[in-house]
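Participant: would you be able to build a 3D model of this:
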Amino acid sequence: MLYVVGVGAAKGYLTDKAKQIISKADVVYGSKRAIEYAEEFIRGEIRVLKKFGREVYDEIERVAKEKNVVVLSTGDPMVSGLGKKINGIVEPGISSVQLALARLKLDLCEVVVVDSHGKNSYDEIERALEFRGKVLVLADKNFDPSKVRGKVTVLENLGLENERIGEEIKSDLAIVYIER
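Facilitator: Purely as a prediction, here's the structure:
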């Protein structure tokens with residue numbers, strides 16, 4: 001059996017269902033950060049993922065034919081996560097998008113979410129702003145908010161002790177809210 005489990009945007013955001021699934025796994029894969037979020041519930045073997053890609057995903061799927069396997073995904077596996085990359089049962093988690101919406105007091109149906117990690121998405125953001133007028137951008141340090149027109153709010157490290165809301169990006173754990 002193979003599960004892709006969201007561990008939340010920070011430690012303490014695991015759902016009860018996720019805890020149950022993780023505790024029953026023979027093998028748990030995840031990034032160092034994802035493992036840290038779930039470590040107290042892991043009973044099986046831990047395999048830290050240092051690289052991601054089809055080759056790694058195929059190996060995980062092979063192991064899951066013989067063992068109960070969980071792949072941890074930070075946040076929610078279906079928000080720019082591993083949910084579509086690995087062929088398993090997806091158990092959602094609390095994403096940074098959900099935390100950003102809560103901090104901004106916005107409904108998900110009011111915004112368009114755009115992934116801008118490691119890519120140029122300024123044209124996509126402009127189209128989304130024309131369509132909805134409000135955009136949440138999953139950003140990293142390379143994203144330049146000054147390249148888009150609108151009021152910008154940067155939310156960083158959501159759910160962590162050093163959570164910050166401001167106007168400039170200082171980390172790779174950022175969401176940029178843009179409103180026209």
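Participant: could you use CA atoms for every contact and neighbour count after this?
Facilitator: Will do.
Participant: measure the nearest residue to Val112 once chain neighbours are set aside to Asn157 for me?
Facilitator: In this structure, Val112 finds its nearest non-sequential neighbour in Val135, 4.8 Å apart by CA to CA, 6 or more residues apart in numbering. Distance, Val135 to Asn157, by CA to CA, to the nearest Å: 18 Å.
Participant: looking at those two, which is more packed in?
Facilitator: The neighbour comparison of Val135 against Asn157 (other CA atoms under 10 Å) goes to Val135, with 26 against 19.
Participant: surely the residue nearest to Val112 forms part of a strand?
Facilitator: Yes. Membership of Val135 in a strand is supported by DSSP: H, G, I helix; E, B strand; the rest coil.
Participant: mind listing the helices for this protein?
Facilitator: 16-23, 32-38, 54-63, 96-104, 122-132 (DSSP state H).
Participant: what's across from the residue nearest to the spatial centre of the chain in the sheet?
Facilitator: The geometric centre of the chain, computed from its C-alpha atoms, lies nearest to Gly75 (CA atoms, centre = their mean), at 3.7 Å. Taking DSSP bridges as the rule, Gly75 bridges to Gly8.
Participant: what pLDDT does the model give it?
Facilitator: Predicted confidence (pLDDT) for Gly75: 95.
Participant: same question, Val111
Facilitator: 98.
Participant: then the one 10 residues further on?
Facilitator: Among the per-residue scores, Ser121 shows a pLDDT of 94.
Participant: name the residues that touch stretch 81-97?
Facilitator: With contact meaning CA atoms under 8 Å, 6 or more residues apart in numbering, stretch 81-97 is reached by 1-9, 13-15, 17-18, 54, 57, 61, 73-79, 136, 158, 175.
Participant: if you average pLDDT over it, what comes out?
Facilitator: Across stretch 81-97, the per-residue pLDDT values average to 96.
Participant: again, but for stretch 23-38
Facilitator: On average, stretch 23-38 scores 98.
Participant: list the buried residues of that stretch.
Facilitator: By neighbour count on 16 or more other CA atoms under 10 Å, the buried set for stretch 23-38 is 23-31, 33-35, 37-38.
Participant: need the distance between the two termini of it.
Facilitator: For stretch 23-38, the end-to-end distance is 9 Å (CA to CA).
Participant: where's Val113 relative to Tyr13, distance?
Facilitator: 21 Å.
Participant: ok, Tyr177 next?
Facilitator: Tyr177 sits 22 Å away from Tyr13, going by CA to CA.
Participant: can you count the residues close to Lys11?
Facilitator: The local packing of Lys11 (other CA under 10 Å) involves 17 other residues.
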